[in-house]
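Compute the structure for the input listed below.
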Amino acid sequence: MEKSIQIYCKKLENYYDVDGRLIQYPSKRPMRIIALIKITEQIDANRKYTEKEINEIIRLNIAFRDIELIRREMFQYKLIGRLRDGSEYWVENDWRTVYAEYIRED
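The predicted model follows:
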């Protein structure tokens with residue numbers, strides 16, 4: 001799997017603009033996870049966020065408008081957690097363990 005992850009990481013480079021923002025959400029699951037991890041790494045794991053703050057972090061990392069899609073996917077893939085009413089968001093503690101095979105060690 002490690003070799004295929006490297007291939008996906010290489011292909012994913014084509015999905016970013018010169019400013020490092022995701023220009024298109026990948027259709028292949030491994031590439032999606034890698035792209036979502038890249039955004040998750042921009043979030044401070046030691047604090048709680050409002051939905052507006054999470055949206056801003058996502059907005060700064062994507063070049064398309066569907067912030068809600070990315071936020072939902074980050075939640076569904078258990079990269080971030082939230083209160084039921086959506087008033088508070090945080091980075092899930094174990095996401096690095098769950099997705100260890102997807103994390104690039106450069």
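
List the residues that contact the one residue sitting closest to the centre of the chain.
Centroid check for the chain by C-alpha atoms, centre = their mean gives Leu36 as the closest residue, at 1.9 Å. Shown in contact with Leu36 (C-beta atoms under 8 Å, 6 or more residues apart in numbering): Ile70, Glu73, Met74, Tyr77, Leu79. No exception for glycine: its C-beta is placed from N, CA and C like everyone else's.

Leu36 is in what secondary structure piece?
Leu36 belongs to helix 29-40 when elements are defined using DSSP states H and E.

moving C-terminal of that helix, what's the next helix or strand?
helix 51-61.

contacts for the helix or strand that that following helix is followed by?
On the C-terminal side of helix 51-61, the nearest following helix or strand under DSSP H and E is helix 67-76. The contact list for helix 67-76, computed with C-beta under 8 Å, 6+ apart, reads 25, 32, 36, 39-40, 51, 54-55, 58-59, 62, 80-82.

Residue ranges in the chain under the pLDDT threshold?
Within the chain, the segments meeting pLDDT under 70 span 1-2, 104-106.

Go again with 90.
Flagging of the chain using pLDDT under 90 yields the residue ranges 1-9, 103-106.

Starting from Asn61, give me the distance back to Gly20.
8 Å (C-beta to C-beta, to the nearest Å).

Between the two, which is the more surrounded one?
Asn61 (22 against 10; other C-beta atoms under 10 Å).

Excluding covalently adjacent residues, which one is nearest to the more buried one?
Ile39 (4.7 Å; C-beta to C-beta, 6 or more residues apart in numbering).

Please indicate which of the contacts of helix 67-76 are buried?
Tyr25, Arg32, Leu36, Ile39, Thr40, Glu51, Ile54, Asn55, Ile58, Ile62, Ile80, Arg82 (16 or more other C-beta atoms under 10 Å).

got a list of what the closest residue to the last one other than its chain neighbours touches?
So the one you mean is Arg82. Of all residues not flanking Arg82 in the chain, Tyr89 sits nearest, at 4.7 Å (C-beta to C-beta, 6+ apart). The neighbours of Tyr89, taking C-beta under 8 Å, 6+ apart as the test, are Lys48, Tyr49, Thr50, Glu51, Glu53, Ile54, Ile80, Gly81, Arg82.
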